[in-house]
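S.K.: have a look; sequence and predicted model below, questions after that.
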Amino acid sequence: GESVGLHLPTLSVQEGDNSIINCAYSNSASDYFIWYKQESGKGPQFIIDIRSNMDKRQGQRVTVLLNKTVKHLSLQIAATQPGDSAVYFCAEIVSNQFYFGTGTSLTVIP
Amino acid sequence: DTEVTQTPKHLVMGMTNKKSLKCEQHMGHRAMYWYKQKAKKPPELMFVYSYEKLSINESVPSRFSPECPNSSLLNLHLHALQPEDSALYLCASSRIRTTRYGYTFGSGTRLTVV
């Protein structure tokens, strides 16, 4: 399969700070990149996606940045809240196939 | 309805038992998936159904038997499982062409094999 990996397996941030979760990918032919949030005991939940011809996309408190030169994707969460504590997966869609990255566990410290 | 519903939420079964996991969606998605997920790991694809036909089997042992009775339902029949099969089993659905939004996942069935 394709290689979609994350730089850090765990991340701890103070409540109110901004969080940055990173992801590296290897396939230049990706069509879309997606970030999922998975809370304990639940299935992955779609957060935001970005098309491969875009550099940046913003949602509510989240921003995804795509750097195709270095094949790097990041998810920025503004003003991190305790409810943001979860495992975050990046995923890519290549030729209609879906590939998960390895995941980063985000812990928000009150 | 924008959800994938899985039942049961929790299941404990012995190694000689037969049980089934159920999944339902009413979003008109014609692709449905079973994933297995171990703790702190990404979901691993098991089976893919496209238009109610099995299109991908990722070399899953025969003790796992999928079934797609219609376009809204997906089952996973379990028989003679091993303790290492204990995991979160996720169902997902999508449009046939997986463009943006990716897959919609259910909350999963937490399976424990004793």
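M.R.: Perfect, I can see it now.
S.K.: and residue A:108, that's in a strand?
M.R.: Yes: under DSSP: H, G, I helix; E, B strand; the rest coil, residue A:108 sits within a strand.
S.K.: please enumerate the helices of chain A.
M.R.: Per DSSP state H, chain A has no helices. Nothing in it meets that criterion.
S.K.: any weak-confidence spans in it?
M.R.: A:1-8 (pLDDT under 70).
S.K.: got the residues of it near chain B?
M.R.: Proximity of chain A to chain B (C-beta under 8 Å from any C-beta of the partner chain) is limited to residues A:9, A:31-32, A:34, A:36, A:41-46, A:49, A:51, A:87, A:89, A:91, A:93, A:96-98, A:100-103, A:105. Just so you know, the C-beta spots here come from the backbone N, C-alpha and C atoms, and that holds for glycine as well.
S.K.: can you pull the poorly scored residue ranges out of chain B?
M.R.: If you take pLDDT under 70 as the line, chain B has these spans: B:1, B:98-101.
S.K.: ok, residue A:53 to chain B distance?
M.R.: Taking C-beta to the nearest C-beta, to the nearest Å as the measure, residue A:53 falls 12 Å from chain B.
S.K.: okay, now that residue: neighbour count?
M.R.: 8 (other C-beta atoms under 10 Å in any protein chain shown).
S.K.: relative to residue A:68, how far out is it?
M.R.: 9 Å (C-beta to C-beta, to the nearest Å).
S.K.: pull out the buried members of the residues of chain A next to chain B.
M.R.: Buried members of the residues of chain A next to chain B, counted by 16 or more other C-beta atoms under 10 Å in any protein chain shown: A:31-32, A:34, A:36, A:43-44, A:46, A:49, A:87, A:89, A:91, A:93, A:98, A:100-103, A:105.
S.K.: how close does the nearest residue to residue B:41 once chain neighbours are set aside get to residue B:16?
M.R.: With C-beta to C-beta, 6 or more residues apart in numbering or on different chains as the criterion, residue B:41 has its nearest non-adjacent residue at 7.0 Å, and that residue is residue A:103. Distance from residue A:103 to residue B:16, counting by C-beta to C-beta: 34 Å.
S.K.: what residues does residue A:50 make contact with?
M.R.: Applying C-beta atoms under 8 Å, 6 or more residues apart in numbering or on different chains, we find residue A:50 in contact with A:32, A:33, A:56, A:57, A:64, A:66, A:73.
S.K.: who's the last one bridged to?
M.R.: Pointing back at residue A:73 there. residue A:23, residue A:66 (DSSP bridges).
S.K.: and the residue nearest to residue A:85 when sequence neighbours are not counted, how many residues sit next to it?
M.R.: Using C-beta to C-beta, 6+ apart and skipping the chain neighbours, the partner closest in space to residue A:85 is residue A:108 (4.8 Å). Residue A:108 has 20 neighbours, counted by other C-beta under 10 Å.
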